[in-house]
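# here are the coordinates; sequence isn't available:
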């Protein structure tokens, strides 16, 4: 076959060119570390690489969301932990206050500290992180726990909601990263309304409506002395100082020389001259003030009736009819409706009412402060009872707080597990992406040196070919 | 004899000279492209007869011939067309690959991921303004990339068109040149001289032509060549038909003079450019548009039913203008589905919520939309008919909705927290409902006597039902009955109102409390309404209205309507065994809620699919037909009207060229409507938006957004790789063909040098012969 000179030159040229191209490609692959520089290098591989990159982005996204969620949950948990410590301190203080040897001043000091605890606790519950309130459900724009005045007292009500903000913790797995405040502070547990039992008021037949605490105020409006006058006994100040309510039996026993109201303790009648303002109490402590100076000395059995009225909001009073089994009382400001069986009511006073079994700790502490400052004129025994009740309520809210803490911790742990899984998934995807996309450096290096060798050979042989001509030998 | 000898010697000298000249010509043109090696054709001259002797008279120079293989030449032309078409495509595809920037950090894929990343971050703190801004920025980056890609592709299409025009100019010039060369060759060869170098020039022109378009050549008379382009004559007997570019149809097409149709070019640079500009780039551009469009549609579908941080809207103006389809100058008479909106309107329903800002009370209105019947005016009227809303078209044909002072509106599918504002389920008003649903078999002239009392003296009045008030009085509907009652002056005067729940008629006295009563005292209609047994029995109001509250988020797949009705009479939380039945739209009992003794009023109970309900204290009465119904929506805009009209959307535009973040969102990211309830901390729609990333989309051929993009990128890659490998193959064929041609037509300098030596020696020998002949002559002369 004939070889044309031009084509042998151009063959040398194209050989050099293609070897240089190979060299360049191998060099670029090594320099970038990527096998696929552009989609046409490996179209199927490029599509797989894009898919894997998207998978990686998704993993990173979930990781970031999970991390944010965790930091949020952990922040919430540490706050609740702090609240729990506050409640522990409050409990110590209450136990201390129940010690009968304390005087009013000591109790006032304790009250001041409890007040400070309540303020801190409210700050905890209204925790704001980056402009959003952590314990408001999805209503993060304003403080979830709001103070409301009613009947001269301050109550705290929940204004957040019970909704939760979820975060994606994996494919199809959602974890809530918010906590509704009413499931942590003052969780409302379905249950009957609790009445303290100070006055003898009992639950009515109809259900009640409301949350938190309230004070049922039973007021003494007057005393009907019955036929007491017939034995020369009169009421002091027309009965204004009495606190008894309802129909009470009254027995003056001339033999024992005692007076007894209802099932209360029998009170010995002092000698004449000291018989003005004899105070007799019924079994619940309802007081009757008697003037026995004019007593004719004969025994008496009859009834004394304390008239009264009741109120839940401290302003609207309804007259008590001691036969009513289902008296309805309302506090519209707090959305509370209470039904009271009035038959057992025997004394006036302020009865502590707890709706739905659990009060929130703010109301409990507020009540404690009021109790310790002697706001409701309870005697030592009554104070001890009430403080005992408060302590129980405090313990219940503390339990709820710990339950809430557990929920937060469990969610955080779930997120931590999700984070781990995502890290594993991410590694796997990275490996697969690398297999698809990354250059095999050993192979690339080999191909680099091979192309280099080939290029050198082509150059050498080309040079030789070009030099070879008959002309060199013609004289 | 000596004459013959001299003559023979001269011819030998001359032929050696000619051969040497040709060798020189060959050596001179050894590097000339398209040059074909020439050979002097030598032949022995006819012998001279001298008596019985035939004496050879030397050599004759025939003609100078080109060494060519015509068939090979034609195959090379075809292969050259193919190779240059592929090379052009490869160039364009490389450019496309560079635009796409995939796989890489600035590719659209990464930006889409970034957009979803930011959304996901926002989901963890929906009220955070910094995260909102980040979402806005990533959306802008994504849409800017879309627009950039669209304009890059458009520019590439335009460049391809411009290139085609320039190349066609070159084709026409070459065709003209071939015509001229044809004439010259015919002229030269008519006298019997082969026009070797003219033919070479013509071959060069034809090769360049083949690089530009796919040509076939046929031999014409007198050594001329005819050139066909895709079956059309480009160069005929004496003239060339010029090609021209026609871009009127949107995609570039080539026409040829003297013919009506298009020339279906596939080969050559022009063929390659046509494939790029007509098929590849527009195809990718269409798919990019599709992707952008589905992104806009799916994001907006979710976003349009969301609520911004601050709650509902006071006014909204659509982004898309309605247009006059039938050209009669009015927009209002168009079908909504055919009023030039960028996205289609389907048959379905739009729910509009109107919220009283002072009380927070929500009223939900359903607007039915039919793709085949709802006109723009009809839709406007329906929106305008919603109390406290007004709807109009602005000067540019965009829909504007505004709420009255003190009201806001939105399109959220959230549950109505207070589903019983009228108190039809144990409300404070004396209320009497029909136990059965419509129709009611009334007779013309039927009466109903009602008595109301609230503290003061009782008031009674009688309603009379006339046949004219009903479409069919024998099958009266609850709505018709309610209309008759509400229109009655006595009813208005005595504070009696009627309402309807799911075909059940309710009559209420508007007074509240236990002292308020409503009594059906008689009337012939009482039986038809199912109230015979209640005649004369007063229905009393209540001090405690049962406060029904809904919470949670409906998670069902389809829209649902739930009905609550008590199964007996009693007091919430008190009466043993008191239950509320929950019915679904079909009337099946979904669940039964225990609200009797043991239930603490106000406690939330699970209803179904994430819906929770709580009941406040109060009395329920099955006897009096207590019942409420509420919507639980899976989609509050199943007609896609909001997307089509561009109301409360996140993205504007309808394709890759105009996709953009909605104006106003960049300045005020609080307007991002990702809340379902309007609560600041509610990012209820974020998860819906995130789900779009994986959602397989029918309109994208059943794949999700990301995969659609992957496929697009890898298809560009496939085209590129295909062009690459075809080009390699074609180049190999071409080079082997050219090598074969070179072996026939090419100049080998060594060979020519050998010829040079041979002819040089022949020349010397001839000269020696002449001198011998001459000597012989002289010697003879000397004899004389």
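Structure received. All values derive from a computational prediction rather than experimental measurement. Numbers count the residues shown, from 1 in each chain, chains lettered A, B, ... in the order given.
# Every contact and neighbour count from this point should use C-alpha atoms.
OK.
# where along the stretch 101-250 of chain B do the helices fall?
Taking DSSP state H, counting those that start in this stretch to define them, one finds helices in the stretch 101-250 of chain B at B:108-124, B:129-189, B:196-212.
# Between these, which one is closest to residue A:173.
helix B:108-124 (14.1 Å; Cα to Cα).
# Tell me who's in contact with residue A:193.
By Cα atoms under 8 Å, 6 or more residues apart in numbering or on different chains, the residues touching residue A:193 are A:203, A:208, A:353-357.
# Dump those to CSV, plus neighbour count, pLDDT and distance to chain B.
Putting these into CSV (neighbours: other Cα atoms under 10 Å in any protein chain shown; pLDDT from 0 to 100; distance: Cα to the nearest Cα, whole Å) gives the following:
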residue, neighbour count, pLDDT, distance to chain B
A:203, 20, 91, 12
A:208, 29, 90, 7
A:353, 20, 89, 15
A:354, 22, 87, 13
A:355, 26, 85, 9
A:356, 24, 76, 7
A:357, 21, 60, 10
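# Most tightly packed of the helices of the stretch 101-250 of chain B?
Ranked by mean neighbour count, the helices of the stretch 101-250 of chain B are led by helix B:108-124 with a mean of 24 (mean count of other Cα atoms under 10 Å in any protein chain shown).
# could you say what helices and strands it packs with?
Judged by 3 or more Cα pairs under 8 Å, 6 or more residues apart in numbering or on different chains; DSSP states H and E, helix B:108-124 is in contact with helix A:43-97, strand A:166-170, helix B:129-189, helix B:684-691, helix B:705-745.
# hmm, 7 Å instead?
Using 3 or more Cα pairs under 7 Å, 6 or more residues apart in numbering or on different chains; DSSP states H and E as the contact test, the elements touching helix B:108-124 are helix A:43-97, helix B:129-189, helix B:684-691.
# Flag every buried residue along the following helix or strand past the first one.
Of the helices and strands lying after helix A:43-97 in sequence (DSSP states H and E), the nearest is helix A:104-125. Of the residues in helix A:104-125, those buried under the neighbour-count criterion (16 or more other Cα atoms under 10 Å in any protein chain shown) are A:107-108, A:110-111, A:113-115, A:117-118, A:120-122, A:124-125.
# which residues sit in contact with residue 306?
Picked chain A for this. For residue A:306, the contacting residues are A:220, A:222-224, A:244-247, by Cα atoms under 7 Å, 6 or more residues apart in numbering or on different chains.
# should've been chain B
B:411-412, B:673-676, B:685.
# Tell me the residues of the stretch 201-350 of chain A that contact chain B?
Within the stretch 201-350 of chain A, the residues that sit near chain B (Cα under 7 Å from any Cα of the partner chain) are A:206-209.
# Kindly reformat those residues as TSV and extend each row with secondary structure.
Formatted as TSV, those follow (DSSP: H, G, I helix; E, B strand; the rest coil):
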residue	secondary structure
A:206	coil
A:207	coil
A:208	coil
A:209	strand
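# so where's the chain shaky on pLDDT?
Picking chain A for this. A:188-189, A:357, A:375-377, A:475 (pLDDT under 70).
# wrong one, chain B
In chain B (pLDDT under 70), the answer is B:1-2.
# Can you pull up the most central residue in it?
Taking Cα atoms, centre = their mean, the centroid of chain B lies closest to residue B:290, which sits 1.7 Å from it.
# name the element that residue belongs to?
Residue B:290 belongs to helix B:281-303, assigned by DSSP H and E.
# Could you tell me the angle between that helix and helix B:108-124?
0 degrees (axes from the mean of the first three to the mean of the last three Cα atoms, to 10 degrees).
# Give me the buried positions along helix B:281-303.
Going by 16+ other Cα under 10 Å, helix B:281-303 has these buried residues: B:281-282, B:284-285, B:287-303.
# again with stretch A:275-295
Quick answer for stretch A:275-295 (16+ other Cα under 10 Å): A:275-293, A:295.
# Number of residues surrounding residue B:128?
Residue B:128 has 19 neighbouring residues, counting by other Cα atoms under 10 Å in any protein chain shown.
# ok, now how distant is it from residue B:672?
12 Å (Cα to Cα, to the nearest Å).
# Just say helix, strand or coil for the residue nearest to the residue nearest to the centre of chain B when sequence neighbours are not counted.
The shortest distance from residue B:290 to any non-neighbouring residue, by Cα to Cα, 6 or more residues apart in numbering or on different chains, is to residue B:655 (6.9 Å). Secondary structure for residue B:655, judged by three-state DSSP, is coil.
# With residue B:88 instead?
helix.
# check contacts around it.
B:269, B:272-273.
# what residue lies at the spatial centre of chain A?
Mean-position check on chain A, Cα atoms, centre = their mean. Result residue A:184 at 2.5 Å.
# Would you check that that residue makes contact with residue A:401?
Yes: using Cα atoms under 7 Å, residue A:184 makes contact with residue A:401 at a distance of 5.0 Å.
# if you skip the residues just before and after it, what's nearest to the residue in the stretch 101-250 of chain B positioned nearest to chain A?
Closest to chain A within the stretch 101-250 of chain B is residue B:117: 5.3 Å, counting by Cα to the nearest Cα. Distances taken as Cα to Cα, 6+ apart place residue A:61 nearest to residue B:117, at 5.3 Å, with adjacent residues excluded.
# go on, residue B:464?
residue B:447 (4.4 Å).
# Run a quick neighbour tally on the closest residue in space to residue B:695 that isn't next to it in sequence.
In space, and not counting its chain neighbours, residue B:695 is closest to residue B:704: 5.3 Å by Cα to Cα, 6+ apart. Other residues lying near residue B:704 total 20 when counted by other Cα under 10 Å.
# Equivalent analysis for residue B:320, please.
Neighbour number of residue B:320 under other Cα under 10 Å is 22.
# who does the helix or strand where it lies pair up with?
According to DSSP H and E, residue B:320 maps onto strand B:315-321. Sheet pairing for strand B:315-321, assigned by DSSP bridges, gives strand B:398-403 (antiparallel).
# Please compute how far the strand it pairs with lies from its chain's middle.
Chain-centre distance of strand B:398-403: 28 Å, with Cα atoms, centre = their mean, to the nearest Å.
# where along chain A do the helices fall?
A:5-32, A:43-97, A:104-125, A:361-372, A:380-437, A:441-467 (DSSP state H).
# who's in contact with the closest residue to residue B:79 other than its chain neighbours?
In this structure, residue B:79 finds its nearest non-sequential neighbour in residue B:734, 6.0 Å apart by Cα to Cα, 6+ apart. Going by Cα under 7 Å, 6+ apart, residue B:734 touches B:76, B:79-80.
# Downstream of the strand holding residue B:320, the next helix or strand is which one?
Using DSSP H and E, the helix or strand that follows strand B:315-321 towards the C-terminus is strand B:348-356.
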